[in-house]
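[1] following is a predicted model, sequence given first.
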Amino acid sequence: MSPVAVRPATDADAPFLLGVYAASRAEEVAAFGWDPAQTAAFLAMQFDAQRRHFRSAWPRAVDGVVEAAGEPVGRLYVDRGPAAFTVLDVALLAGARGTGIGTALLRGLQAEAAALDRPIELRVVPENPARRLYERLGFRPGARNAGDGPRLALRWAA
């Protein structure tokens with residue numbers, strides 16, 4: 001596996017991050033039967049709404065671009081709060097999935113959180129294949145919040 005790094009996203013990264021977001025929802029949105037223009041408009045609107053929500057609800061969170069061998073391959077958005085780290089979003093382009101990048105990202109975050117004696121929390125749709133990765137890395141069911149909807153709360157503690 002090539003070296004993995006995460007750098008803070010800049011405004012110039014917005015088109016790439018929109019692409020990562022769109023790729024992560026491609027299968028779901030394809031079922032709607034929309035034409036490409038409708039799909040693109042919907043995904044852009046949803047991406048913008050997600051970014052605004054994250055920035056409002058977790059103002060100190062860092063939106064990061066995941067790079068492998070210097071090439072952008074995904075997104076890691078994390079709030080390193082005083083009581084817990086919250087993974088708001090972790091998404092990789094299809095070609096980067098299953099290559100160990102997600103494992104490396106989460107293990108690095110676990111080491112950082114453990115050094116500060118903080119747990120890591122995240123939410124995942126139960127059918128998401130990444131759930132197996134989270135569970136393999138020691139994430140266990142956590143407390144549910146009213147706003148979780150169909151998502152499963154997972155928590156890791158050192």
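    On my side now, so go ahead. Numbering: from 1, shown residues only.

[2] return the set of buried residues in the longest strand along the chain.
    For the chain, the strand reaching the highest residue count under DSSP state E is reported as strand 71-80. Neighbour-count burial for strand 71-80, with 16 or more other C-beta atoms under 10 Å as criterion, is recorded at 72-80. Quick note: C-beta positions are derived from backbone N, CA and C, even for glycine.

[3] including distance to Gly33 and pLDDT, could the residues you listed go into TSV?
    Below are the buried residues of strand 71-80 laid out as TSV (distance: C-beta to C-beta, whole Å; pLDDT from 0 to 100):
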residue	distance to Gly33	pLDDT
Pro72	30	98
Val73	30	97
Gly74	28	97
Arg75	27	97
Leu76	32	97
Tyr77	30	97
Val78	35	98
Asp79	36	97
Arg80	41	97
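
[4] tell me the one of those nearest Thr99?
    Closest approach to Thr99 among the buried residues of strand 71-80 (C-beta to C-beta): Val73, at 8.7 Å.
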